[in-house]
Each structure stands twice: as C-alpha cells, then as structure tokens.
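Asker: no sequence on this one, just coordinates:
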C-alpha cells in the first residue's frame, strides 16, 4: 500500500498535524474503527481531558493492533469533542500518538453519548 498527501493550491493548506486529502493506492484491507471512548478495561473514565484523550488513543491503538495494524495505516481520523475549549489539547495529544503521520482529519464539536466523555475518536485504516 502507498499513500500520498494531496494539498490543492486552490484550497487553504492544512494547519498542521493532518492532510487535507490522503490518497491510498494498492490497499488490500480496510479497517473501520468505531468511535473509541475514554474508558479503560475496568470501566473507569479519567477526569481530565488530557487523560481521557490518551485513553481514547490507547483504545484506538489497541484496535489497530488487534488487526495487525499501527498508526502508519490510519488514513482518516474523526474526532468528536464535547467543547471547542479542548481543540488545541486534542490536536497536541493526537500528534503525540501519530507522530509525523498526517492522515485526513475532521473535528466535530457536539454532544457526546455519555456526559462523562469529553471526546470520542474514530479512525479508518488501510493496509
């Protein structure tokens, strides 16, 4: 599988940590990871946004690993935030987990299913 970042000169550039578009060529497997929540195996939900975001990303990594994939296979991330106030911190934590990998990205500010949860993240991966 090969990926190629697409950045049209007729649209604004990505502001960092993601691609405006990502082309995938020769993928033989797609993985659609449902929205991962900030809950650990024992059912606990961390109190702070940073702890919740790291729990969510650890849950994403666990799903990728179960499919014999890793962050380099992620082609699309959708982040659902309970408040705009978490946008900057969410971006920084996403970059902690993705490193230099820059998939396509959408961030949505919305009500989240459980009021305890401050975010939810879903990804699409290809291999």
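Answerer: Cool, got the structure. Just so it is clear, the model here is predicted, and its values are computed rather than measured. Residues are numbered from 1 along each chain as shown.

Asker: what about the host helix or strand of residue 3, distance to the chain center?
Answerer: Following DSSP states H and E, one finds residue 3 within strand 2-6. With C-alpha atoms, centre = their mean, to the nearest Å as the basis, strand 2-6 stands 17 Å off its chain's centre.

Asker: repeat for stretch 11-25
Answerer: Distance, centroid of stretch 11-25 to centroid of chain: 14 Å (C-alpha atoms, centre = their mean).

Asker: quick revisit: list of residues touching the strand holding residue 3?
Answerer: Strand 2-6 has contacts (C-beta atoms under 8 Å, 6 or more residues apart in numbering) with 19, 20, 21, 22, 23, 24, 25, 26, 75, 102, 126. All C-beta atoms are positioned from the backbone trio N, CA, C, and that covers glycine.

Asker: just stretch 55-69 next, same as before
Answerer: Contacts for stretch 55-69 (C-beta under 8 Å, 6+ apart): 29, 31, 33, 36-40, 45-46, 70-71, 73-74, 93-94, 96-97, 119-121, 123, 125, 127.

Asker: now it: mean pLDDT?
Answerer: Here stretch 55-69 scores 98 as its mean pLDDT.

Asker: same deal with stretch 72-85?
Answerer: On average, stretch 72-85 scores 98.

Asker: The contacts of stretch 55-69 in strands, which ones?
Answerer: 31, 33, 36, 74, 119, 120, 121, 123, 125 (DSSP state E).

Asker: Just the buried residues of the contacts of strand 2-6.
Answerer: 19, 20, 22, 24, 75, 102, 126 (16 or more other C-beta atoms under 10 Å).

Asker: quick one: which of those is nearest to residue 113?
Answerer: Checking the buried ones among the contacts of strand 2-6 against residue 113 with C-beta to C-beta, the nearest one is residue 75 at 24.7 Å.

Asker: That closest one contacts residue 25, doesn't it?
Answerer: No - Residue 75 lies out of contact with residue 25 (C-beta atoms under 8 Å); the separation is 11.2 Å.
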